[in-house]
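Enquirer: Here is the input, now give the coordinates:
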Amino acid sequence: MNGEEELAALLDMEFGIRFIRATPIDKGWLNVKWKIDTDQGPLFAKYYHPDRYKLHARPDRKAAIERTLELQNGLHAAGVACPRVRTTDDRRLMVTPSGMHVAFMDWVEGGTVQAGSMNDNQLNSLGQSTGRMHAWLSHVPPLSKPAWEPDRTAYLMEWEGNRNTAAAAGDEIVLDWLDRSRVIVEAADFGEFAASRQGWLHWDLWVDNILLGDRKVAGIVDFDRMTMAYPEIDVARAILSGALQEDGGLRIDGVRAFMDGYRKHAAASGELLVRAIRMLYLIESIWWLRAEVRVESELRELLARFLRELRWIEEHWRELPGLLERV
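Expert: As a prediction, the model looks like this:
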């Protein structure tokens, strides 16, 4: 059987749904996705690529994906704009005879937009969806420890490894990036993060994972990275992705629209937003400011956008309170 034949057989066996056709979707790093037309309407199918997830060798990762799919269904049932995952015998992650791990979800009509180009109505709707998501997730039992915590010593250890790799590669561009990031992190007040609440979050709330209509969110997708850390990270990620324009300016009206929507379902001060953006910098500068990313073709296309966001945070680090605390 080829991939489409396996999908057709799986849909029939697990759900009694008749496959009509599959249309590939070119989105996602090392994943294969399809829009599947069936006798019961369109579905979305996602194949979890073994080179990225290694589910065959890592049962803990398979269990984690099952858990995030279960939480996604809980969010859908609670009215959060996200697709329902098809379930049978309490399983959401299906396996084909050849070993493909696949999840099937309801199809969501909507489109993505260029980073930084969401309008105020879309940002307000995204704020409402994010606040509602965080409110529901606040009742989910926590993990034994968060997936990440702000830690200067740990950051600088990873930074040193990134610098050694860049130096060995002779990558002067990355070395310059790293010099700037070290200045920021060494001067940062890590005590401000003591006020941050731990809890479950989406963790990857940027424009490619937000399906939109003209005025509102049609669906938040791709919950694969959902884990427990600090929900405010989602706030910073969504705002920068939606409201930081390509010319480098942050649309404060857009930020306000998001926060107004968020506060309808969850508490959020201006101080939280400042902390969240600084926290996001600690996470993303370690990942993106690496020589390996500059040579990885799948990631290089995204690098320019995330560099723009990181540079904006660096340039506005000290003035963030004056810029955002009254929003």
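
Enquirer: show me the contacts for the residue nearest to residue 41 when sequence neighbours are not counted.
Expert: Sequence neighbours aside, residue 107 is the residue nearest to residue 41 in space, at 7.1 Å (criterion: CB to CB, 6 or more residues apart in numbering). The way it works is simple: take the backbone N, C-alpha and C, and place the C-beta from them, glycine included. For residue 107, the contacting residues are 35, 41, 42, 43, 44, 83, by CB atoms under 8 Å, 6 or more residues apart in numbering.

Enquirer: from these, which would you call buried?
Expert: With burial judged by 16 or more other CB atoms under 10 Å, the buried subset of these is 43, 44, 83.

Enquirer: so which strand or helix has the residue nearest to the second one when sequence neighbours are not counted?
Expert: Counting by CB to CB, 6+ apart, the nearest residue to residue 44 once its immediate chain neighbours are dropped is residue 105, at 4.6 Å. Using DSSP states H and E, the element containing residue 105 is strand 101-106.

Enquirer: For that strand, which outside residues touch it?
Expert: By CB under 8 Å, 6+ apart, strand 101-106 touches 7, 10-11, 15, 36, 43-48, 53, 55, 62, 65, 69, 83-86, 92-96.

Enquirer: Got a quick PyMOL command for the buried subset of the residues you listed?
Expert: Burial among these is assessed by 16+ other CB under 10 Å; the matching PyMOL selection reads:
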select buried, resi 7+10+11+15+36+43+44+45+46+47+48+53+55+62+65+69+83+85+86+92+93+94+96
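
Enquirer: three-state assignment of residue 34?
Expert: Secondary structure state of residue 34, per DSSP: H, G, I helix; E, B strand; the rest coil, is strand.

Enquirer: Could you check how many residues crowd around residue 215?
Expert: 11 (other CB atoms under 10 Å).

Enquirer: next one: phi and psi at the nearest residue to residue 163 once chain neighbours are set aside?
Expert: Closest residue in space to residue 163, ignoring its immediate chain neighbours: residue 178 at 5.1 Å, by CB to CB, 6+ apart. Main-chain dihedrals, residue 178, degrees, to the nearest 10: phi -70, psi -40.

Enquirer: what comes up buried for stretch 257-277?
Expert: Buried-residue list, stretch 257-277, by 16+ other CB under 10 Å: 257-262, 265-266, 268, 270, 272-277.

Enquirer: where are the low-confidence patches of the chain?
Expert: Counting by pLDDT under 70, the ranges of the chain that qualify are 1-2, 27-31, 50-57, 297-298.

Enquirer: That's all I had, so thanks and see you.
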